[in-house]
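Student: pasting a predicted model and its sequence here:
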Amino acid sequence: MDLGLRGRACVVTGASRGIGRETARLLCAEGASVLLVGRDEGRLAAAVEGASAAGAEAGGRAGSLAQDVTAEDAGERMLGAATERFGALDVLVNNAGAAQWRDLDEVPDEDWRAQYELNVMAPLRAMRAAAPAMVERGWGRVVNVCSTAGKRPSAAMPEYSVAKAAELSLSRLFADRYAKRGVLVNAICPGPVEAELWMEPGGLLDQSQRMSGAETREQALETAGGKRPIGRLAAVGEIAAAIVFLCSERASYVSGAAWSVDGGTVQVIV
């Protein structure tokens, strides 16, 4: 299926690893031009190399912008960089995020504020900068990578859950504002994914092992996967594929959605 993304100019945040990196790679493979945004210049360079290779046959291009998405001028800087390099901005994927496991009583005020900055203010500033430019061109796609925790709060990730719920509400507000003007805003809600956030040493898998009392990482991973009706954690590509579809021409009648891509974890009919 041709997704109609050839030549589209895209920005993907949190693109140096995991879901963001794979989303950028798949967009390039569809012939899009992608600006990968992240803080780690070394990881960004490797991600750009991979995305460029994936896009070689289809004409996709990749570049990078090293910055913290929580900076107050981040939205304008991303729009400016995409416009300078690719001539426009058609697609925005707000993917940057972080989480950790701990009890509600252990979360200090500064971490509540930090999650709000990362998951609400950062996508807000990015959409506020990008959406009017998309309106001028008469076409745009925004995908906010949220979480199942935004639909059903996780007791192990309280501040993350609350911020992700707010991000879902923010997505809906922008969707209603811009749908009639050709800019479609949607959210994706993954559950646990076998990416660096979970799998790297000290990541969520190790944290869940400590909290659950599992004897080994393998046991903790099996337990986490067993909580999903599908019986396992998601692969990175399974989440990225859904994001790329929502970025595409084929998703022309999807607006204001909050798609669960979670193996059936959150058992609600929305």
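Tutor: Everything's here; your move. Numbers count the residues shown, from 1 in each chain.
Student: all strands for the stretch 51-200 of the chain, in order.
Tutor: 61-66, 91-94, 140-145, 183-190 (DSSP state E, counting those that start in this stretch).
Student: could you say what helices and strands the second one packs with?
Tutor: Contact here means 3 or more CB pairs under 8 Å, 6 or more residues apart in numbering; DSSP states H and E; on that basis strand 91-94 packs against strand 9-13, helix 18-29, helix 122-137, strand 140-145, helix 236-247. Heads up, the C-betas are built off the backbone N, CA and C, glycines and all.
Student: out of the ones you listed, which gets nearest to residue 101?
Tutor: helix 18-29 (17.2 Å; CB to CB).
Student: extract the C-alpha trace of whichever helix or strand comes after the closest one and format it as CSV.
Tutor: Next along the chain after helix 18-29, taking DSSP states H and E as the criterion, comes strand 33-38. Output of strand 33-38 as CSV, limited to C-alpha atoms (Å, rounded to 0.1, in the frame of the first residue of the first chain):
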residue,chain,number,x,y,z
SER,A,33,12.2,13.7,4.6
VAL,A,34,12.6,13.3,8.4
LEU,A,35,14.2,15.6,11.0
LEU,A,36,15.2,13.4,13.9
VAL,A,37,15.2,15.3,17.2
GLY,A,38,16.9,14.2,20.4
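Student: quick one: low-confidence ranges for the stretch 51-200 of the chain?
Tutor: Across the stretch 51-200 of the chain, the ranges flagged by pLDDT under 70 are 198-199.
Student: residue 62 pairs with what?
Tutor: With DSSP bridges applied, residue 62 shows beta-bridge pairing to residue 34.
Student: just put the helices and strands packed on strand 91-94 in JSON lines and tack on mean neighbour count.
Tutor: Formatted as JSON lines, these follow (neighbours: other CB atoms under 10 Å):
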{"stretch": "strand 9-13", "mean neighbour count": "27"}
{"stretch": "helix 18-29", "mean neighbour count": "27"}
{"stretch": "helix 122-137", "mean neighbour count": "20"}
{"stretch": "strand 140-145", "mean neighbour count": "28"}
{"stretch": "helix 236-247", "mean neighbour count": "22"}
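Student: would you mind giving the ones you listed as a markdown table with distance to residue 176 added?
Tutor: Formatted as a markdown table, the helices and strands packed on strand 91-94 follow (distance: least, CB to CB, whole Å):
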| stretch | distance to residue 176 |
| --- | --- |
| strand 9-13 | 22 |
| helix 18-29 | 25 |
| helix 122-137 | 12 |
| strand 140-145 | 13 |
| helix 236-247 | 17 |
